[in-house]
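Asker: need a structure here:
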Amino acid sequence: LKNMTYSFFKLSQLEIIPEHIDQFESYVNTYNTEYKNVRRILVMLNDWKPGHYLEIDGVGFTNWIAGDYFVWDSDVPHMAANIGLEDRYTLQITGHK
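Answerer: Numbering: from 1, shown residues only. You can find the predicted model right below:
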C-alpha cells in the first residue's frame with residue numbers, strides 16, 4: 001500500500017461501533033486517490049478476550065491472537081464491539097493500492 005497512515009485505537013468496555021462504511025474523505029483528498037483504491041488493515045494488538053467482537057462484511061471474528069490482522073476495501077461494511085471486561089487495542093492502517 002502507498003501513503004499509509006497509522007492510528008492506535010482503544011475500544012473500552014461496553015463500547016459498540018455499529019455497522020458502517022468508512023468514507024475516508026480526508027485521506028482521499030490528502031493523498032489525491034480514488035475512494036475505491038483505499039484499504040484498511042486492522043492489526044490486533046492483544047489476544048482476544050471474551051466479549052470482544054469484530055465483523056467484516058457480515059462475517060464475525062473472535063479468538064484472534066496478538067498480531068493477527070484483517071484487511072478490507074473501502075466499501076466494505078464492518079463493526080466492532082466490546083462487551084467484555086478488558087479494553088481492546090488495535091492498530092489501524094489506511095493506505096491505497
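Asker: my guess is residue 9 contacts residue 90. True?
Answerer: Yes. Counting by CB atoms under 8 Å, a contact exists between residue 9 and residue 90, whose distance comes to 4.9 Å. The C-beta positions use only the backbone N, C-alpha and C, and glycine is treated the same way.
Asker: who has more neighbours out of the two?
Answerer: residue 90 (20 against 13; other CB atoms under 10 Å).
Asker: what about residue 29, which helix or strand?
Answerer: Assigned by DSSP states H and E, residue 29 falls within helix 25-31.
Asker: export that helix to PDB, keeping only CA atoms.
Answerer: Taking Å, rounded to 0.1, in the frame of the first residue of the first chain, the C-alpha atoms of helix 25-31 are listed here in PDB:
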ATOM      1  CA  GLU A  25     -12.800  11.800   2.800                       C
ATOM      2  CA  SER A  26      -9.700  13.400   4.400                       C
ATOM      3  CA  TYR A  27      -7.500  10.500   3.200                       C
ATOM      4  CA  VAL A  28      -8.800  10.700  -0.400                       C
ATOM      5  CA  ASN A  29      -8.300  14.400  -0.500                       C
ATOM      6  CA  THR A  30      -4.900  14.400   1.200                       C
ATOM      7  CA  TYR A  31      -3.400  11.700  -1.000                       C
END
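Asker: what residues does it touch?
Answerer: Under the criterion CB atoms under 8 Å, 6 or more residues apart in numbering, residues 2-3, 5, 33-35, 38, 94, 96 lie in contact with helix 25-31.
Asker: who does the following helix or strand past that helix pair up with?
Answerer: Proceeding N to C from helix 25-31, the next assigned helix or strand is strand 38-44, under DSSP H and E. For strand 38-44, sheet partners with direction are given as strand 69-73 (antiparallel), strand 88-96 (antiparallel), following DSSP bridges.
Asker: nearest spatial neighbour of the spatially most central residue of the chain, skipping sequence neighbours?
Answerer: The chain has residue 42 as the residue nearest its centroid, 4.3 Å off, counting by CA atoms, centre = their mean. Take residue 42 and drop its neighbours on the chain: the residue closest to it by CB to CB, 6 or more residues apart in numbering is residue 70, 4.8 Å away.
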